[in-house]
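Trainee: Let's see this in three dimensions:
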Amino acid sequence: MFSFLKKTPPPAPADVPAVAPATAPPQPDAKSTAAPSWRERLFQGLARTRAQWGGKLKSVFARGKVDDELLEELETLLLTSDVGIEATTHLLDELKKAAKRDKLDTPESIQAALADALHRVLLPLEQPLDVSTHSPYVIMIAGVNGAGKTTSIGKLAKYFQSQGKSVLLAAGDTFRAAAREQLQTWGERNNVTVIAQESGDPAAVIFDAISAAKARGIDVVLADTAGRLPTQLHLMDEIAKVRRVIQKVEPEGPHETLLVLDANIGQNALAQVRAFDKAINVTGLVLTKLDGTAKGGVVAAIARQCPKPIRFIGVGEQIDDLRPFVARDFVDALFAQ
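Mentor: Presented below is the predicted three-dimensional model:
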């Protein structure tokens, strides 16, 4: 993103050709034949958002001083990157304070101050999900059509399995024709049982799934729900009903209510968070498709306006491309070269 902060990579051994900077992983000591680490995939996945900022921020910071002209240009850039008005104002204020306190007089120091300010904004969203507090731990997953909800469930199943947890899936999306089959495919891929019905009440499917999980000693239940728009009030009422039915079989459930958001929608994510939170008390977010958008700045807008924990982020289509949100890694990926 900021070529003037790019560190010169260590020289390659004589018998190994140097890797081109455009394709070099963030950790140069990784073997070329090894599968890319999560951090490397994150850096690659945020390439579009980074490109949205990159060259522009380089020219903004090139003057080497925090003055009115720099602040005005930076404000425009942040707003066009879906950071949002409130987060943008906050970041500019923090940068002005840092300039006064630390005498920022180089492009490098200005960027470092902005990166630190963004990290402080995002850090409260970094709250890893602990599923060890209940058994079974019931997670209800909601979102609009096309957000990547069912796919995220499959990836979450794989993630929890990697943590040594047993998982059961509830095919609560009884409206979309292929939803049950899609979830069953993910279940087969992960060797996970899927509780489904040919048709009927989604609340009943999830009720049966939780009952089965209790009988089998399952650690985590991932309950899919039908995609819906926040403006479809009757469907929002229905998902609230699903929540009430869950509480009949598991009085403290759902223990987590995840809202899946497509990062491509940018600022519209805020309206979705508010609408779903009103209906079902959202406790965490899953931000998908960050690899396909330049609107990753919306994470800062969420932090300032709808501060729900971001439990997971997705940066690709592979089963391992959904991982817990780590603020420092996210900021580093935005400001990297």
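Trainee: what's around K100, how many residues?
Mentor: Around K100 there are 10 other residues, counting by other Cβ atoms under 10 Å. In short, each C-beta sits where N, CA and C put it, glycine included.
Trainee: how close does it sit to T89?
Mentor: For K100, the distance to T89 (Cβ to Cβ, to the nearest Å) stands at 17 Å.
Trainee: Buried residues, stretch 171-182. List them.
Mentor: Using 16 or more other Cβ atoms under 10 Å as the test for burial, stretch 171-182 gives A171, G172, D173, T174, A179, R180, Q182.
Trainee: for these, which one is nearest G253?
Mentor: Top of the list for closeness to G253, among the buried residues of stretch 171-182 and by Cβ to Cβ, is G172 at 13.4 Å.
Trainee: quick one: the helices in the stretch 1-150 of the chain?
Mentor: For the stretch 1-150 of the chain, the helices defined by DSSP state H, counting those that start in this stretch cover 38-45, 47-61, 68-80, 85-102, 107-122, 149-162.
Trainee: now the stretch 201-337 of the chain
Mentor: With DSSP H, counting those that start in this stretch as the criterion, the stretch 201-337 of the chain has helices spanning 202-216, 233-249, 268-280, 298-305, 327-334.
Trainee: what helices or strands is the first one leaning on?
Mentor: Read it as helix 202-216. Under the contact criterion of 3 or more Cβ pairs under 8 Å, 6 or more residues apart in numbering; DSSP states H and E, helix 202-216 touches strand 137-143, strand 167-170, strand 193-195, strand 220-223, helix 233-249.
Trainee: Quick check: which of the ones you listed is nearest to Q267?
Mentor: Nearest of these to Q267, taken as Cβ to Cβ: strand 137-143 at 16.8 Å.
Trainee: can I get the CA coordinates of that closest one in CSV?
Mentor: The C-alpha trace of strand 137-143 is given here as CSV (Å, rounded to 0.1, in the frame of the first residue of the first chain):
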residue,chain,number,x,y,z
TYR,A,137,-22.8,-24.5,22.4
VAL,A,138,-25.6,-23.3,20.1
ILE,A,139,-24.7,-20.8,17.4
MET,A,140,-27.5,-19.4,15.3
ILE,A,141,-26.4,-17.9,12.0
ALA,A,142,-28.4,-15.2,10.2
GLY,A,143,-27.9,-12.9,7.2
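Trainee: Low-confidence regions, the stretch 151-300 of the chain specifically.
Mentor: 177, 231, 233 (pLDDT under 70).
Trainee: circling back to that earlier point, could you export the helices of the stretch 1-150 of the chain as JSON lines, including distance to L287?
Mentor: As requested, those are exported to JSON lines (distance: least, Cβ to Cβ, whole Å):
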{"stretch": "helix 38-45", "distance to L287": "11"}
{"stretch": "helix 47-61", "distance to L287": "12"}
{"stretch": "helix 68-80", "distance to L287": "18"}
{"stretch": "helix 85-102", "distance to L287": "15"}
{"stretch": "helix 107-122", "distance to L287": "12"}
{"stretch": "helix 149-162", "distance to L287": "10"}
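Trainee: Point out the most buried one among those.
Mentor: Across the helices of the stretch 1-150 of the chain, averaging neighbours per residue (mean count of other Cβ atoms under 10 Å) puts helix 149-162 on top, at a mean of 22.
Trainee: Figure out how far it is from the centre of its chain.
Mentor: Averaging C-alpha positions (Cα atoms, centre = their mean, to the nearest Å) puts helix 149-162 14 Å from its chain's average.
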